[in-house]
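J.: Provided below for reference: sequence and predicted model.
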Amino acid sequence: MKRTLLILSQIPVFLLLLAGCKENQRPMLPPVAGTAYDVLVVMPKYQWEGVLGDTMRSLLAYPIPYFPQREPILTLRHVQPDGFKGIFQTYRNVLIISIGNQYDKARLLLSRDVSAKTQIIYELQGPNQAAVIDLLVQNSQQIVGTILNTERLRTVELNKKYYDKNIHDKLLKNHSLSLSIPQGFAIQVDTGNFVWIEQMRGDNILGLLIWTYPYKDTLQLTKQALLAKRNEILRRNVPGKDPGSYMTTEKIFEPLFDVNRLGNQIFYQLSGLWTVEKGFMGGPFINVTTIDHVRKRIVTVDGFVFAPNQQKRNWLFQLEAIAYTISFPE
């Protein structure tokens, strides 16, 4: 009798555990489809080709301001609502336009991991086109920022899985920093406080420059201070092909400055154009700086691209994501 009661008393617990397991058994999501920085826009063709589509392109696919050639910050790709199925449903970044009198006001909805891992889906709802355009105008910077940050995190995680162990271990041993750099790069120069890492793609160059210096106070982290330090380091360490030439920051375009956070780490970022003083080379750069509090030093990772007549956006943003993998051993 006692044995029977004991078994019966355990049944509810077993059922609760079983129910809990079923709740956690979500289907495995596939990886996202599409190319990095692509956005799939789901809307009727007449809207895509009209004022709403024009507004969307001007706000979400504007030219990157510091690029020598015209390249959009995001690439918009269109599909009609009845075509949004199959592989399209796993697209990495999706923007759905929903207009109808079933909506009493305009709303912006954001969903994640719907049909694929790391997927983000924005839906703009509104009773009419004018309301959706207003909603888009008010939230375009948020939409672009979220997509850019998500793409950066995707690349950061990918770099952490598939990195060049040889370069990683050398940087860790010689410079007490961890950086996840993909295969195909090679260390060209290592002088102690300055490292030059490069990948050649035909005649195109993807470069990473790393430098460190003592941390004294936050005045070293202003835009002006970081820019001055960049030019100082480049003049000393990155010569051009011609005698007396060297890499520097292009003065015609004022670099952009931003402060970002990833986990507990704060990053100070410059974005602009580099050029060669007394030379003829140039291209875009992204300069990411953070503090190594344990060693009381400032560490900068500077990524630059030289690719005449080539699209540079995805290459430069790949270098940016590499910079954001930086960490320091305790």
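T.: Sure thing, it's come through. Numbers count the residues shown, from 1 in each chain.
J.: which non-adjacent residue is nearest the residue nearest in space to the middle of the chain?
T.: In the chain, the centroid-proximal residue (CA atoms, centre = their mean) is Arg152; its distance is 2.1 Å. Spatial nearest neighbour of Arg152, chain neighbours left out: Ala321 (5.2 Å); criterion: CB to CB, 6 or more residues apart in numbering. Every C-beta, even on glycine, is put in place using the N, C-alpha and C of the backbone.
J.: so which helix or strand takes in that neighbour?
T.: Secondary structure assigned from DSSP states H and E places Ala321 in helix 313-323.
J.: list the helices and strands that helix packs on?
T.: helix 129-161, strand 204-214, strand 282-292, strand 297-306 (3 or more CB pairs under 8 Å, 6 or more residues apart in numbering; DSSP states H and E).
J.: just to revisit the earlier point, which ones are touching the residue nearest to Arg152?
T.: Arg152, Thr155, Val156, Asn159 (CB atoms under 8 Å, 6 or more residues apart in numbering).
J.: how big is the angle separating the helix holding Ala321 from strand 204-214?
T.: Here helix 313-323 runs at an angle of 30 degrees relative to strand 204-214 (axes from the mean of the first three to the mean of the last three CA atoms, to 10 degrees).
J.: Let me know the average pLDDT across helix 313-323.
T.: The predicted model assigns helix 313-323 a mean pLDDT of 96.
J.: just checking, the residue nearest to the centre of the chain touches Tyr324?
T.: Yes - between Arg152 and Tyr324 there is a contact under CB atoms under 8 Å: 6.2 Å.
J.: before we move on, back to that, ok, so of the contacts of Ala321, who is nearest Arg92?
T.: Thr155 (11.5 Å; CB to CB).
J.: Using CSV, list the CA coordinates for stretch 31-50.
T.: Extracted C-alpha coordinates of stretch 31-50, given in CSV (Å, rounded to 0.1, in the frame of the first residue of the first chain):
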residue,chain,number,x,y,z
PRO,A,31,20.6,30.1,-40.1
VAL,A,32,19.5,33.3,-41.7
ALA,A,33,19.4,33.6,-45.5
GLY,A,34,20.6,36.6,-47.6
THR,A,35,23.8,38.7,-47.8
ALA,A,36,25.0,40.8,-44.9
TYR,A,37,23.4,44.3,-44.8
ASP,A,38,20.6,43.2,-47.1
VAL,A,39,17.0,44.0,-46.1
LEU,A,40,14.0,42.2,-47.7
VAL,A,41,11.1,44.6,-48.1
VAL,A,42,7.7,43.0,-48.2
MET,A,43,5.1,45.3,-49.8
PRO,A,44,2.9,45.5,-53.0
LYS,A,45,4.7,46.5,-56.2
TYR,A,46,2.8,49.7,-56.6
GLN,A,47,3.9,50.9,-53.2
TRP,A,48,7.5,49.9,-53.8
GLU,A,49,7.6,51.9,-57.0
GLY,A,50,5.7,54.9,-55.6
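J.: Just give me how far it sits from the chain centre.
T.: Averaging C-alpha positions (CA atoms, centre = their mean, to the nearest Å) puts stretch 31-50 19 Å from its chain's average.
J.: Buried residues in that stretch, which are they?
T.: Within stretch 31-50, the residues scored as buried using 16 or more other CB atoms under 10 Å are 32-34, 36-44, 47-48.
J.: export those to a markdown table and tack on secondary structure, pLDDT and distance to Val137?
T.: Rendered in a markdown table, the data for these read as follows (DSSP: H, G, I helix; E, B strand; the rest coil; pLDDT from 0 to 100; distance: CB to CB, whole Å):
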| residue | secondary structure | pLDDT | distance to Val137 |
| --- | --- | --- | --- |
| Val32 | coil | 97 | 28 |
| Ala33 | strand | 97 | 29 |
| Gly34 | coil | 96 | 26 |
| Ala36 | coil | 96 | 26 |
| Tyr37 | coil | 97 | 22 |
| Asp38 | strand | 98 | 22 |
| Val39 | strand | 99 | 17 |
| Leu40 | strand | 99 | 21 |
| Val41 | strand | 99 | 16 |
| Val42 | strand | 99 | 20 |
| Met43 | coil | 98 | 16 |
| Pro44 | coil | 98 | 20 |
| Gln47 | helix | 98 | 16 |
| Trp48 | helix | 98 | 18 |
